[in-house]
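Colleague: have a look at this fold, sequence not included:
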């Protein structure tokens, strides 16, 4: 029987995916990559899911890649062929980052503890990061002679600017969640005692919102980073044409005019 390395739970439209290798701070193995990819794909195709929460079991969110995994373990034999770490990035981390960034529903990273290496950047791939005050973020790559992956080189300068990105990536210092919020790296840092209730409340707010429009908002913001201002305006207009013909726009306007809560259903 396959070990459950990703736990799946549902509650009122929220699909919670919990990385489940607590003894290894939920570090990635080939098997866990496979289970997470399948779980994200299932959530994407399930019309009942309107928000995904990604978190970790135990005291960590995700410590990045398990360096003992055969996919990345160095070949220490004299004259042996070097392990192709880049092949692991192409096979697992690139599809993972793209899957998270293109989910048809909002994705919340609930960072319950340390998020290091690819684990930190996986959290940053999500639409919103909520972290315990006791959590921390570490760009640990330089410590083992590598560069940030899982989207880190793209995400960091866009979130905190080049100067902070270079400092975080080159020095690999532990960044407390409170400082991560101050820098704009994450959405919110909350006290440990209210962490779970805060994540649940934000997820339920997402469930009640127009899911299709939220996913389009993410896509539009990401696309605009590669466009000039005029092209971004044109892209906004094209999206408004599409969304303006959808149920949720009609429902939202009708609810506003009738002074009643809207009931959104597009996805």
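Modeller: Looks like it arrived, so ask away. For clarity, every value in this text was computed on a predicted model and none was experimentally measured. Numbering: from 1, shown residues only.

Colleague: just to confirm, which helix or strand has residue 110 in it?
Modeller: Assigned by DSSP states H and E, residue 110 falls within strand 107-111.

Colleague: mean confidence score for the helix or strand following that strand?
Modeller: Proceeding N to C from strand 107-111, the next assigned helix or strand is strand 114-116, under DSSP H and E. Strand 114-116 carries an average pLDDT of 98.

Colleague: stretch 129-138 too?
Modeller: The model assigns stretch 129-138 a mean pLDDT of 98.

Colleague: how close does residue 100 get to residue 189?
Modeller: Remark: distance between residue 100 and residue 189 (CB to CB, to the nearest Å) = 21 Å. All C-beta atoms are positioned from the backbone trio N, CA, C, and that covers glycine.

Colleague: for residue 200, same thing?
Modeller: For residue 200, the distance to residue 189 (CB to CB) stands at 17 Å.

Colleague: of those two, which one has the most company?
Modeller: residue 189 (21 against 16; other CB atoms under 10 Å).

Colleague: surely the more buried one forms part of a strand?
Modeller: Yes - counting by DSSP: H, G, I helix; E, B strand; the rest coil, residue 189 falls inside a strand.

Colleague: okay, and the beta partners of it?
Modeller: Note on residue 189: beta-bridge partners by DSSP bridges are residue 131.

Colleague: surely it touches residue 175?
Modeller: No - using CB atoms under 8 Å, residue 189 makes no contact with residue 175, being 10.9 Å away.

Colleague: residues near the closest residue to residue 213 other than its chain neighbours, how many?
Modeller: Take residue 213 and drop its neighbours on the chain: the residue closest to it by CB to CB, 6 or more residues apart in numbering is residue 243, 5.7 Å away. Counted with other CB under 10 Å, the neighbours of residue 243 add up to 17.

Colleague: got it, and residue 172?
Modeller: Applying other CB under 10 Å, we find 18 residues neighbouring residue 172.

Colleague: so how far is residue 55 from it?
Modeller: Distance, residue 172 to residue 55, using CB to CB: 24 Å.
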